[in-house]
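Model the following, please.
(2 chains)
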Amino acid sequence: MHIRIEDAAAHVGEEVEIQGWLYNKRSSGSIHFLQIRDGSGIMQSVLAKQDVSQDAFGLAENLTQESSVIIRGLVREDKRAPGGVELSLTDLKVVQIAAPYPITPKEHGVEFLMDHRHLWLRSRRQHAVMRVRAEVIRACAEFLDGKGFVRMDTPILTPAAVEGTTTLFETPYFDLGTAYLTQSGQLYNEANAMAFGRVYCFGPTFRAEKSKTRRHLSEFWMLEPEVAYMTLDEYMALAEEMMVAVVGRVLQRRTNELAALERDTAKLKDIQSPFPRLSYDEALERLKKSGKPVPWGDDLGADEETMLSSQFDRPLFVHHYPAKCKAFYMQPDQERHDVVLSADLLAPEGYGEIIGGGQRIDDLALLEQRLREHNLPTDVYQWYLDLRRYGSVPHSGFGLGIERTVAWICGIEHIRETIPFPRLLNRLYP
RNA sequence: UCCGCGGUAGCUCAAUGGUAGAGCGUCCGGCUGUUAACCGGAGGGUUGUAGGUUCGAAUCCUACCCGCGGAGCCA
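Sure, this is the predicted structure:
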C-alpha cells in the first residue's frame, strides 16, 4: 500500500510503499541509511546487506542525491531514527539516477540558491516556509468566507494606473494600445463591493519600482477585502480580527514548520486584540520623543516604521495620514481636510507595513477633483466614477501583502524566500 | 538613482607582494545503527575583464563588467 511519509506513524507494523526521492544517505558498508523525502516529509529507511538481494543493495550504494525511487518496507518505531519511525527496506525501485545534484548538504550562498530556486524548493526550510504560506492564505480565505465575503478576482491586465505614483509594467495589447499589469485590484473590488456588499480578491500584483530591499518583490500576492458601508474604524477592527485569526491558525496547524524555522512562537502568541492605534500626528510625537523628528506631511520611512513598531509587541495601526501621502481615492476626514481616513498596519519586529487601506471617497465631485489634481485621465475612470453616480455609499477596504506577512510569521530575513519563484529587480530566472 | 560591500575549484571559504589551499560534492577504497556520518586516496583553477606598477601580483594602482546589502518608494 502506498502511503505518504507524514502518515507513516499510523502504519507501524505494516508493509508500505513510498514514492519519493533520496534526500541524503549514509552508510557503514554493510548497512545503508537512506533518507527518503516524498514531499510530505522525510523518513529514514534502513537496508542491511544480509536482508536484501545483492542487486538491491548495490542499487542503494549507487544512488545519488535526489535520485527518484519507489521503496517498500516495514514501518518500525526506532528511537535511533530521525523522527522516531523508520522503514526496514525490502524492495527498492530506481525511477531515475539523478545527475550530480548542485545543492549539497553543506552551506551555500543565497545567490547560488536563488539561481537554483527550482531545486532549492526541495529543502526542509523551504518546505516549512511554503507550508506556512499556504496556511496563511487558507486562513485568510476561511476567515473571510466565514463572514459572508464573496471571492471575486480582479483583472491583472488593466487600462490604467490605480495610483498614478508607482511605476507600472507595460505590455502591448492588440489594437488597443498599452495594457498595464495591475498594482492593485482595489478599483474593481469597489465595483464588486457595490454589487455584492462584501468581497475580496486574491492574486498577483506588480510594481515596477526599482526597489532593492528585503521587503520588496516586483510580483507579489495581495489579499484585498472591500466592504460597502464599512467605515475606517470598522476596517481596522476587521483587519485586526483577521490577523489574530491568521496567526492563531498558523500557530495551531503549522507547529512543526515554525519549529523547523526556529521561530520564537512566544512572540506570535502575543498577537491578540486589541492592536495599538496611533494617529499619524501621535506617531510623529513619538518619533520626536525617540529622537527621530519627521516634518508633518512627510511619509514614514523604513527606519521610522521600525522605530514605532518596535515599541509594541503586536501589530500597530497608524491612521489619519496626510492626504498628500496617500492615493487619490482616499476619503478626507470631515473635520480635517488635510488628513485622510487611511490606516496602515505595521508588523512587529521591523517587518514593515503588511496592510494598507482606508475609506474611499464616495462623493462624485470630490473624486473628479482628485483625479484632476493627480493629473489622471478621466476617460478610463468613467466606470469607476459610475460607482459614485449609482447608489454611492461610504465603503472601505484594505490590501494584505501575503509575502510580508509570511516573512513576519516565519521570522525570516528576506521576503524572497516566501514565494516559490520571486521576481526581483535583478532576477527573472528561474 | 544614491551609499556601502564583494567577485579565488561545482559549492562555502582561506592564502605578509614570494610554489594558489581546505572542507563539502564527484570518483576509487574501507566500515552492520548512521544522524550535515566517519576514515584513506584521486581528480578538480585563464584568482570577474582589460591595462599598469614590480625581479615577482589573487594581493598594489586605473578603468570597466557583474553581483549583493541598504536607502528612496511601496504590500
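
thinking A:Leu284 is in contact with A:Gly297, fair?
No - between A:Leu284 and A:Gly297 there is no contact under Cβ atoms under 8 Å: 9.8 Å. Glycine gets a C-beta too; all of them are placed from N, C-alpha and C.

Between the two, point out the one with more neighbours.
Neighbour totals were compared for A:Leu284 and A:Gly297, and A:Leu284 leads with 21 against 13 (other Cβ atoms under 10 Å).

Which helix or which strand is home to the more buried one?
Following DSSP states H and E, one finds A:Leu284 within helix A:280-289.

what packs against that helix?
helix A:302-309, strand A:316-319 (3 or more Cβ pairs under 8 Å, 6 or more residues apart in numbering; DSSP states H and E).

looking only at pLDDT, what's the mean for it?
In this model, helix A:280-289 has a mean pLDDT of 90.

quick one: low-confidence ranges for the stretch 251-400 of chain A?
Residue ranges of the stretch 251-400 of chain A with pLDDT under 70: none are present.

Columns mean neighbour count and distance to RNA strand B on top of the helices and strands packed on helix A:280-289, output as TSV?
Output for the helices and strands packed on helix A:280-289, formatted as TSV (neighbours: other Cβ atoms under 10 Å; distance: least, Cβ to the nearest atom of the strand, whole Å):
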stretch	mean neighbour count	distance to RNA strand B
helix A:302-309	18	4
strand A:316-319	22	11
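
Which residue does the stretch 301-430 of chain A have closest to RNA strand B?
Of all residues in the stretch 301-430 of chain A, A:Gly301 sits closest to RNA strand B, at 2.3 Å by Cβ to the nearest atom of the strand.

Report the secondary structure element holding A:Met43.
Using DSSP H and E, A:Met43 falls in strand A:42-48.

What residues of that strand count as buried?
By 16 or more other Cβ atoms under 10 Å, the buried positions in strand A:42-48 come out as A:42-47.

of those residues, the lowest pLDDT goes to which?
Lowest pLDDT among the buried residues of strand A:42-48: A:Leu47, 88.

follow-up on the earlier one: so what touches the strand holding A:Met43?
A:5, A:8, A:18, A:23, A:30-37, A:56-57, A:60, A:71, A:73, A:81-83, A:85-89, A:92, A:124 (Cβ atoms under 8 Å, 6 or more residues apart in numbering).

now the helix or strand that comes right after it: mean pLDDT?
Sequence order places helix A:54-62 as the next helix or strand after strand A:42-48, per DSSP H and E. Throughout helix A:54-62, pLDDT has a mean value of 82.

Packing partners of helix A:54-62?
strand A:31-37, strand A:42-48, strand A:85-96.

how about a cut-off of 6 Å?
strand A:85-96 (3 or more Cβ pairs under 6 Å, 6 or more residues apart in numbering; DSSP states H and E).

Identify all contacting residues around the strand it packs on.
In this structure, residues lying in contact with strand A:85-96 by Cβ atoms under 6 Å, 6 or more residues apart in numbering are A:8-9, A:44-47, A:56, A:59-60, A:68-78.

Now do the same for the closest residue to A:Ile355 other than its chain neighbours: helix, strand or coil?
Distances taken as Cβ to Cβ, 6 or more residues apart in numbering put A:Leu345 closest to A:Ile355, at 3.7 Å, once the chain neighbours are dropped. Here A:Leu345 is recorded as strand under DSSP: H, G, I helix; E, B strand; the rest coil.

which residues does A:Leu345 bridge with?
Taking DSSP bridges as the rule, A:Leu345 bridges to A:Phe317, A:Ile355.

wait, what's in contact with it?
A:315, A:317, A:354-355.

repeat for A:Gly83
Here A:Gly83 is in contact with no residue (Cβ under 6 Å, 6+ apart).

how about it, phi and psi?
Per-residue torsions, A:Gly83: phi 100, psi -10 (degrees, to the nearest 10).

Now do it, the pLDDT please.
81.

now do A:Ala134
For A:Ala134, the pLDDT comes out at 96.

okay, now it: neighbour count?
Around A:Ala134 there are 13 residues (other Cβ under 10 Å).

Which residues does the host helix or strand of it contact?
A:Ala134 belongs to helix A:124-145 when assigned by DSSP H and E. Residues outside helix A:124-145 that contact it (Cβ under 6 Å, 6+ apart): A:120, A:200, A:223, A:242, A:245-246, A:249-250, A:253-254, A:257, A:260-261, A:405-406, A:410, A:417-418.

just the helices in the stretch 251-400 of chain A please.
Using DSSP state H, counting those that start in this stretch, the helices of the stretch 251-400 of chain A run over A:255-260, A:265-269, A:280-289, A:302-309, A:364-373, A:382-389.

Kindly format the C-alpha coordinates of the fifth one as CSV.
These are the backbone C-alpha positions of helix A:364-373, laid out as CSV (Å, rounded to 0.1, in the frame of the first residue of the first chain):
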residue,chain,number,x,y,z
LEU,A,364,-18.6,62.1,-7.2
ALA,A,365,-17.5,65.8,-7.4
LEU,A,366,-14.6,65.3,-4.9
LEU,A,367,-13.4,62.2,-6.7
GLU,A,368,-13.4,64.0,-10.0
GLN,A,369,-11.4,66.8,-8.4
ARG,A,370,-8.9,64.4,-7.0
LEU,A,371,-8.4,62.8,-10.4
ARG,A,372,-7.6,66.2,-11.9
GLU,A,373,-5.3,67.1,-9.1
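
buried stuff in that helix?
Buried residues in helix A:364-373 (16+ other Cβ under 10 Å): A:367, A:370-371.

Can you redo those residues as TSV, where the extra columns are distance to A:Arg138?
Shown next, in TSV, are the buried residues of helix A:364-373 (distance: Cβ to Cβ, whole Å):
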residue	distance to A:Arg138
A:Leu367	36
A:Arg370	37
A:Leu371	38
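
ok, A:Glu15 to A:Ile71 distance?
According to Cβ to Cβ, to the nearest Å, A:Glu15 and A:Ile71 sit 11 Å apart.

neighbour count winner among these two?
Ranked by neighbour count (other Cβ under 10 Å), A:Glu15 and A:Ile71 place A:Ile71 first, with 25 against 14.

tell me, how many neighbours does A:Asp379 end up with?
With other Cβ under 10 Å as criterion, A:Asp379 counts 7.

Next up, the contacts around it.
Neighbours of A:Asp379 in contact, by Cβ under 6 Å, 6+ apart: none.

if we can go back for a sec, restrict the contacts of helix A:124-145 to those near RNA strand B?
Among the contacts of helix A:124-145, proximity to RNA strand B is found for none (Cβ under 7 Å from any atom of the strand).

To which secondary structure element is A:Arg26 assigned?
Using DSSP H and E, A:Arg26 sits within strand A:15-27.

which other helices and strands contact that strand?
So strand A:15-27, by 3+ Cβ pairs under 6 Å, 6+ apart, packs with strand A:31-37, strand A:68-77.
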